[in-house]
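Engineer: Return atomic coordinates for the entry below.
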Amino acid sequence: QVQLVESGGGLVQAGGSLTLSCAASGRTSSRYVMGWFRQGPGKEREFVAAITYTGSSTYYADSVLGRFTISRDNAKNTVHLQMNRLKPEDTAVYYCAARVSGSVYNTQNYNYWGQGTQVTVSS
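Structural biologist: Residues are numbered from 1 along each chain as shown. Purely as a prediction, here's the structure:
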């Protein structure tokens, strides 16, 4: 089992920045791909970004490419999502997740999820 706890959400004006963090505990020795997803009001949960265990590969949704950066520190069992030039449409609950296998873009391939952290971007 892996436990994931997100932090860093909040209220920010459009154009601003936030950094989300995800702390992992439990069976952190496994080489999970870590991902960030989000779910806006009335919307389905959607892929935001993912990073392989070594950090050699990263993946982004088109909507955040060039604005968001995912990173990880395996020594500290943490994953971060740096979000710049935020837009009102980025408003959502952001979830950290750990994937065992399968496509990084598919929520169904992630076995472990955090409780989420709210990000609200005002216009």
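Engineer: contacting residues for the residue nearest the centre of the chain?
Structural biologist: For the chain, the residue nearest the mean C-alpha position is Trp36 (2.1 Å; Cα atoms, centre = their mean). Contacts for Trp36 were tallied using Cβ atoms under 8 Å, 6 or more residues apart in numbering; they are 20, 22, 48-50, 70, 79, 81, 94-97. Placement of C-beta: from N, CA and C, glycine included.
Engineer: switch the cut-off to 6 Å
Structural biologist: 48-49, 81 (Cβ atoms under 6 Å, 6 or more residues apart in numbering).
Engineer: Secondary structure of it: a strand, I assume?
Structural biologist: Yes: under DSSP: H, G, I helix; E, B strand; the rest coil, Trp36 falls within a strand.
Engineer: Nearest residue to it in space, please, no chain neighbours.
Structural biologist: With sequence-adjacent residues excluded and distances taken as Cβ to Cβ, 6 or more residues apart in numbering, Trp36 is closest to Val48, at 4.3 Å.
Engineer: need the strands for the chain, in chain order.
Structural biologist: Listed in chain order, the strands of the chain (DSSP state E) span residues 2-7, 10-13, 18-26, 33-39, 46-51, 58-60, 68-73, 78-83, 92-99, 110-113, 117-122.
Engineer: Dump these to a markdown table, plus mean pLDDT.
Structural biologist: Listed next are those as a markdown table, based on pLDDT from 0 to 100:
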| stretch | mean pLDDT |
| --- | --- |
| strand 2-7 | 96 |
| strand 10-13 | 98 |
| strand 18-26 | 95 |
| strand 33-39 | 97 |
| strand 46-51 | 98 |
| strand 58-60 | 97 |
| strand 68-73 | 97 |
| strand 78-83 | 98 |
| strand 92-99 | 97 |
| strand 110-113 | 94 |
| strand 117-122 | 98 |
